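Undergrad: generate coordinates for the sequence data below:
(one chain, ligands or ions: 1)
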Amino acid sequence: MDAIDVIRAKRDGGELTPEQIDWAVDAYTRGAIAEEQMSALAMAILLNGMNRAEVARWTEAMIASGERMEWSALDRPTTDKHSTGGVGDKITLPLAPLVAACGAAVPQLSGRGLGHTGGTLDKLESIPGWRASLSNDEMMDVLRSAGAVICAAGTGLAPADRKLYALRDVTGTVESIPLIASSIMSKKIAEGTGALVLDVKVGSGAFMKTVENARELAETMVGIGTDNGLRTVALLTAMDRPLGRAVGNAVEVAESVEVLAGGGPGDIVELTVRLAREMLDAAGLAGGKDPAEALRDGSAMDVWRTMISAQGGDPDAKLPVASESHEVVAPSSGVLTRLDAFGVGVAAWRLGAGRARKEDPVSFGAGVICHAKPGDTVTAGQPLLTLYADDADRFERGLESLEGAYEVVPDGVPDQLPLIIDRIS
Ligand code: URA
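TA: Numbers count the residues shown, from 1 in each chain. Below you'll find the predicted structure:
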């Protein structure tokens with residue numbers, strides 16, 4: 001087979017055969033297709049799309065490029081959640097222990113942040129001593145002792161995707177629904193979870209800016225999961241404003257602990273409980289302990305503490321705090337009608353919470369606290385946001401990204417998406 005024939009077939013709007021897909025993914029992983037050839041193929045896929053059979057085969061080829069994990073030795077069903085990423089999206093932190101407290105096992109492989117969306121591993125690494133890298137045996141030990149584990153994917157999992165994602169990142173080919181769907185689902189299927197709930201974010205702070213695009217991505221991923229025998233459900237949820245009040249790393253851990261202690265912002269609690277119910281239902285555990293009860297009675301907090309300790313972290317340690325802060329106040333009195341997720345996400349990133357290149361370190365203490373959310377009534381001069389950074393020079397650029405990102409209107413009505421927009425199964 002020849003790379004140029006495969007590229008031409010997709011460039012001219014044709015359907016790739018299973019043999020062409022298997023060969024292209026395998027040859028690229030082995031280094032037998034050059035980076036420039038795969039970038040041409042990725043661009044042809046972005047422009048001309050792939051049908052359901054092609055996406056399914058592409059996903060299978062990426063799974064086959066590496067190992068497939070297996071959890072049948074556990075005495076409970078496995079279930080997992082994947083979010084397409086957003087601003088203030090710390091849901092995995094309270095969710096994994098919560099679902100474990102209700103009887104399922106949660107093997108959660110997570111990522112780091114790149115750009116304005118945060119990464120679960122960066123947030124958890126703000127806990128002194130906590131380790132993201134575990135061997136498969138260590139993952140199994142944590143799952144047995146705590147019921148939930150959150151860690152980094154090993155290099156053996158879907159190596160084709162690892163290589164292709166890095167290439168797409170620098171060739172303008174990330175924003176392709178078939179490539180995003182196959183990338184996410186190849187890792188989740190290779191992870192070996194028995195059930196999967198997808199949280200597909202919609203709005204300025206998300207990959208998918210419109211409900212229409214998010215629905216197409218969700219349907220494609222649910223289709224891939226179903227075709228692979230994985231019970232998969234998707235929720236479309238709002239990412240037009242930040243989730244919760246904290247955006248950053250340590251500040252998001254602190255907010256997650258508040259939720260596990262039975263408090264925390266209403267939107268975080270609502271989404272965490274809803275996703276937990278979906279995960280339990282998908283795992284065949286509906287009708288058992290209710291997640292809202294596990295937040296109230298402290299059992300989810302107990303799992304959190306066991307899980308953090310099992311990965312070397314100290315759940316009682318003081319979290320890092322940035323040395324500098326700067327307040328943004330309400331320009332007038334009225335209703336906060338808009339707080340743009342993208343603007344706040346970029347601000348947190350520029351303050352040091354995120355990284356520009358994957359090798360960069362993050363600042364654990366940097367971030368933004370939102371004192372008001374859309375719909376809240378505010379008085380001129382009251383704090384709207386507090387920005388945190390280790391270096392006061394960062395405030396200027398952080399503030400630039402907040403220009404036009406919020407609006408206070410006398411007697412205004414917030415124009416925002418419902419928190420949970422739709423469910424796709
Ligand atoms: N996340 C992934 O894992 N892959 C993509 O292609 C996009 C987001």
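Undergrad: show me what contacts the spatially closest residue to residue 152 that is not a sequence neighbour?
TA: Nearest residue to residue 152 in three dimensions, chain neighbours excluded: residue 132, at 4.5 Å (C-beta to C-beta, 6 or more residues apart in numbering). Backbone N, C-alpha and C define where each C-beta goes, glycine included. Residues counted as contacts of residue 132 (C-beta atoms under 8 Å, 6 or more residues apart in numbering) are 110, 121, 124, 125, 151, 152, 311.
Undergrad: again, but for residue 174
TA: Residues near residue 174 by C-beta under 8 Å, 6+ apart: 165, 168, 180, 207.
Undergrad: closest one to the ligand out of these, please.
TA: Distance to the ligand across these (C-beta to the nearest ligand atom) is lowest for residue 180, with 4.0 Å.
Undergrad: for the closest one, give me the pLDDT.
TA: Listed pLDDT for residue 180 reads 95.
Undergrad: so stretch 228-240, near the ligand or not?
TA: No: Stretch 228-240 does not reach the ligand (C-beta under 6 Å from any ligand atom); its nearest approach is 13.6 Å.
Undergrad: what about that stretch, distance to the chain center?
TA: 12 Å (C-alpha atoms, centre = their mean, to the nearest Å).
Undergrad: by neighbours, which of the contacts of residue 132 wins?
TA: For the contacts of residue 132, the largest neighbour count, defined by other C-beta atoms under 10 Å, is 25 neighbours, found at residue 124.
Undergrad: about what we covered before: now render the contacts of residue 174 as CSV, adding distance to residue 94, neighbour count and secondary structure.
TA: Listed next are those as CSV, based on distance: C-beta to C-beta, whole Å; neighbours: other C-beta atoms under 10 Å; DSSP: H, G, I helix; E, B strand; the rest coil:
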residue, distance to residue 94, neighbour count, secondary structure
165, 27, 18, helix
168, 31, 23, helix
180, 26, 19, helix
207, 23, 19, coil
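Undergrad: out of these, which one sits closest to residue 63?
TA: Nearest to residue 63 out of those is residue 165 (C-beta to C-beta; 14.5 Å).
Undergrad: hmm, residue 183 and that closest one touching each other?
TA: Yes: in this structure, residue 165 is within contact of residue 183 by C-beta atoms under 8 Å, at 5.8 Å.
Undergrad: flag the shaky bits of the stretch 51-200 of the chain, pLDDT-wise.
TA: Within the stretch 51-200 of the chain, the ranges that satisfy pLDDT under 70 run 114.
Undergrad: any idea which residue of it lies closest to the ligand?
TA: Counting by C-beta to the nearest ligand atom, the stretch 51-200 of the chain gets nearest the ligand through residue 183, at 3.4 Å.
Undergrad: neighbours of that residue, just the number please.
TA: For residue 183, the neighbour count with other C-beta under 10 Å is 22.
Undergrad: ditto for the one 10 residues further on
TA: The burial metric for residue 193, expressed as a neighbour count using other C-beta under 10 Å, is 30.
Undergrad: then the one 10 residues further on?
TA: Each residue near residue 203 was counted by other C-beta under 10 Å, and the total is 23.
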